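**Student:** Kindly generate the corresponding structure for this input.
(2 chains)
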Amino acid sequence: MKTLVAFLALSAAAVAAPYDKSGIADWTKAPAQAAEPTFTPPTPHRMRLANGMALLVIENHKLPIVSMSLVVPNAGSATDPKGKPGLASFTADLLDEGAGGLTAIQIAEEEDRLGAGIGIYAGIDSAGVSVGTLTKTLDPTIDLVAKILTAPAFDQKDFDRVQGDRATALELRRDRPREVASILLGGALYGLDSPYGHPGSGFRESFKSIALADVTAYFKERWDPKGMTLVVAGDVDPIALQKKLDATLGAWKHPGKHVSKITTTPIAKIAHRLIVVDRPGSQQSDVRLGLVGLDRKDPRFYAFEVLTTTLGGGFTSRLNQKLREQLGITYGIRASQDWRLDRGPFTISSALVTAETAHGLTETLKIVDDLATTDVPDAELEKSKQNLIRALPAQFETNAATAAAFSELALHGLPDSWYAHYSDQIRKVTAKDVRAVAKSAIPSKQMVFAVVGDMAKVRADLDKLNLGEAETRDLYGMPVSK
Amino acid sequence: MLALAAPVARADEPKIDFTKFELANGLKVYVIEDHKAPTVYEVMWMKVGSKDEVTNRTGFAHLFEHLMFKGSAHLPDGLMDKLLEAAGGWSNAFTSSDQTVYQNVAGSNFLEQMLWIEADRLAGLTDTLDQAKLDNQRDVVLNERRQSYENQPYGLAHLLIAENLWPKDFGYHWDTIGYVSDLKAAVAPDVKAFFAKYYVPNNATMVIAGDVKPEEVKRLVEKYFAWIPKAPTPVRPHYAAPAPLTKDIVVDSTDDVQVPRVYITWRGPAAFTAEEPSLDMAAAILGDGKSSRLYKRLVFDEKIAQSVRAGFGGQELAGDFEITVTAKPGTDPKLLVKEIDEEVAKMAATAPDAGEVERAINSHESGFLDGLEPVLQRAILLANYDVMAHDPDYFSKDLARYRAVKPDQVKASVAKYLKPNARVTLTIRPGKKPTQDQLQGKDHK
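**Tutor:** A predicted model of the protein is given here:
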């Protein structure tokens, strides 16, 4: 192995590259871009199953694979009943733990045999099933999915076992400071017992409140095929697919209990709040700053996308440039709006080196305030807008991404043609629009701060920021008095 | 070396077409045409990784990787990413023990800009390197280390495993992230020397993929790269095959966690050698997902574990086979080790059923096909085949060698490699996070 000394000797011999021999007159000038290519987002073929379920198909025959995404509105954690946080997610967890005469293990074995992956999850506004499989095993994969959906066993023994696994996962939450930081923010913005303010997996303290009967009832009420949309992308024949789905899922009906709109109650008037968790010895502080943002149908959507891109959307965003590339106090910092049916949280998240925690928050606030008071310069505005416009094709690169893109439209009741107008809408956004939405939607004075870190080292500096009296939570993010 | 299984042509086999050319300076270039989206992807695979680092400079290959985004002879710091993001793309890279792989993405009308950016940093990265850039990225890397290792539950396990699995003079003994004191010791002349030695056109494989025409790629690559001088072929540190392990190396550690976790790791063969597919299938049968043997026994039936995982990772010089089991609260980790041992011994003695192997193969096939869907992943895979398998046209052969795995081969590979007296058994129990001094491999002070 070479030693350091030999390396230094070598470095003396390193010479600059002979750019003058390249034949390129001016290396400082970026080559011009070629003509802008056109991109037309795919348009799904819209159909309907006998039971009312909407079916959207996007054909792509490049590879012998298929992705499916089932959107189940009204079955996400926002519909967890009071006192039973985690019920939507428990229901999703239990669905494939036994169905149609197959045990949980047999279902998993059948998936592997078919080369299929079936994932069942509960999000916040909706639940869903995402499936990836091979063209040659599509039909038996649909049979298996249909079995899971129409004949779940919901057996007490499986319930007890899954409850045990979920309980352990909740017990281990304190080992995951990032998750705890997000819970702190959600709780502060909406209230820990509210639709948007509780973690989807529930709490350690509350998992015992959920019984098997709750799961069974929730499934019957909320997983109503009439309101669902199934998006299928990949190597399929739409007509044959519809026939197969009708034969397996077409007769599936649930009484259903539609909730027309999710209503959340953001905590009325938010001034600065500081919520902290002490993790002695932490080398970094996990921080979340945020407030109740906009809902998905807000007319300021496009301006807000440009704003979040400029602020914290990519590597060259203002936050990342300042805190990572100039100050070197983090590995990365991002800003994002969680677009939901009602007003979801706007969050800035990072892990800051312990000694610079308060400094990082101060710099972040300066950057947020600047966007509300000064127009974004033309070149930077154009960078953000073009980044969004030219990245649009990536949303349809894979079958799974394509299915997810149209699932989102279905959940929010947006037209299938929505992506076709996206670029034009982004192009219209002006610097004034961005400044206006920064001022109206993310006023820094209303932000809540959640910090999980070594309080002995960061608390004194945090107190100097005048963010209000620090409110302490335990390692699980829960009020300490309990 | 045993011959690889002969490929069997099948109708559902993916055919990945590409073209190839090589510049006089040794830069190898592949082009994959795919016009589904108006996007271009560039992969620059540099044959240098953390196993090429010298004494007291662990983590340097990765630190260097960070500096590749801090500007070059004619591009001020930050400009490359501004241009790529304005073009709807991004840039990134990863460093492993064997290689450093750069990825740039942009709208396809920015192909020429992308190549100009890459050529400028390949030719003149260090022309504008200064102490401030190095210090800044050293801080960023230290933060990456805190975020991805120190502040993660069980986050330091793989540093401990590598130190114990491989001898101290072997290139896989230290993790890519490096030791803090070594990162702090790096100086600007290290960067210049590393760049001059390894970042030369004849040490790279480049793949341009997406909405491009091969002739146009060739014209532009020649324009921007052909003038860069060929350099001596980098002489990488040579590692002799390490002496075999002759015992169960038992390592105990603690972390700020709630339940114990057990890691059992064996040495295995290098990537693209004959036994790799059977070891991958053994890992799937033992510990991948709910249908696996360890899940069934430890999580489902006995409820003494919260999760299980098994995987084989083949690298250039050797591989490792790792089983990870996280305990349920109250489970003695010794019991987990005992039961893992029983399951491994069972597979070493009796071949798995045909059904188990079929499931593992089908899952693998499905994952493989999914992996071909994103153009960038396809491009990285092609570069990997070129550098590691010495055969860029390896897509269908890769699938075929997994389809050909037989139950007896799984048994034979398990018996050969997963021996109870040649491995590292690491147990991490709830307690204090190890201090910086304990983490620092004693051989790297």
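
**Student:** Extract the residue ranges of the stretch 151-300 of chain B that are flagged as low pLDDT.
**Tutor:** Applying pLDDT under 70 to the stretch 151-300 of chain B flags no residue at all.

**Student:** residues in it within reach of chain A, list them.
**Tutor:** Residues of the stretch 151-300 of chain B lying near chain A by CB under 8 Å from any CB of the partner chain: B:151, B:153, B:169, B:189-190, B:192-197, B:211, B:223-224, B:227-229, B:237, B:256-259, B:289-291, B:296, B:299-300. Heads up, the C-betas are built off the backbone N, CA and C, glycines and all.

**Student:** same deal with the stretch 301-445 of chain B?
**Tutor:** B:303, B:306, B:328-329, B:355, B:358-360, B:362-363, B:365-366, B:369-370, B:372-375, B:432-433.

**Student:** how about the closest residue to chain B within the stretch 201-350 of chain A, phi and psi?
**Tutor:** Distance from chain B to each residue of the stretch 201-350 of chain A (CB to the nearest CB) is smallest for A:G328, at 3.0 Å. Main-chain dihedrals, A:G328, degrees, to the nearest 10: phi 70, psi 30.

**Student:** With adjacent residues omitted, what lies nearest to it?
**Tutor:** Excluding the flanking residues, the one nearest A:G328 by CB to CB, 6 or more residues apart in numbering or on different chains is B:D139, at 3.0 Å.

**Student:** can you tell me the helix or strand for A:L70?
**Tutor:** Using DSSP states H and E, the element containing A:L70 is strand A:65-73.

**Student:** For that strand, name the packing helices and strands.
**Tutor:** Here strand A:65-73 touches strand A:126-134, strand A:229-234, helix A:399-412, helix B:354-372, going by 3 or more CB pairs under 8 Å, 6 or more residues apart in numbering or on different chains; DSSP states H and E.

**Student:** now do 10 Å
**Tutor:** Applying 3 or more CB pairs under 10 Å, 6 or more residues apart in numbering or on different chains; DSSP states H and E, one finds that strand A:65-73 makes contact with strand A:54-59, strand A:117-122, strand A:126-134, helix A:138-150, strand A:229-234, helix A:238-249, helix A:399-412, helix B:354-372.

**Student:** which of those sits most buried?
**Tutor:** The highest mean neighbour count among these, using mean count of other CB atoms under 10 Å in any protein chain shown, belongs to strand A:229-234: a mean of 26.

**Student:** Can you give me the neighbour number for the residue nearest to A:G328?
**Tutor:** 19 (other CB atoms under 10 Å in any protein chain shown).

**Student:** now A:P85
**Tutor:** By the criterion of other CB under 10 Å, A:P85 has 27 neighbours.

**Student:** returning to that earlier point: mind exporting the strand holding A:L70 as CSV, just the C-alpha atoms?
**Tutor:** Output of strand A:65-73 as CSV, limited to C-alpha atoms (Å, rounded to 0.1, in the frame of the first residue of the first chain):
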residue,chain,number,x,y,z
ILE,A,65,-44.2,-6.4,-16.3
VAL,A,66,-47.3,-4.7,-14.8
SER,A,67,-47.9,-2.3,-11.9
MET,A,68,-51.3,-1.7,-10.3
SER,A,69,-52.3,0.8,-7.7
LEU,A,70,-55.7,0.7,-6.0
VAL,A,71,-56.8,3.9,-4.4
VAL,A,72,-59.1,3.5,-1.4
PRO,A,73,-60.4,6.9,-0.4
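
**Student:** what's the angle from that strand to helix A:238-249?
**Tutor:** Angle of strand A:65-73 versus helix A:238-249, following axes from the mean of the first three to the mean of the last three CA atoms, to 10 degrees, is 50 degrees.

**Student:** helix or strand right after strand A:65-73?
**Tutor:** Counting by DSSP H and E, what follows strand A:65-73 is helix A:87-95.

**Student:** Show the average pLDDT along the following helix or strand past that next one.
**Tutor:** Sequence order places strand A:98-99 as the next helix or strand after helix A:87-95, per DSSP H and E. Averaging pLDDT along strand A:98-99 yields 97.

**Student:** And the contacts of strand A:98-99?
**Tutor:** Identification of contacts with strand A:98-99 by CB atoms under 10 Å, 6 or more residues apart in numbering or on different chains yields A:104-107, A:144-155, A:157-159, A:162.
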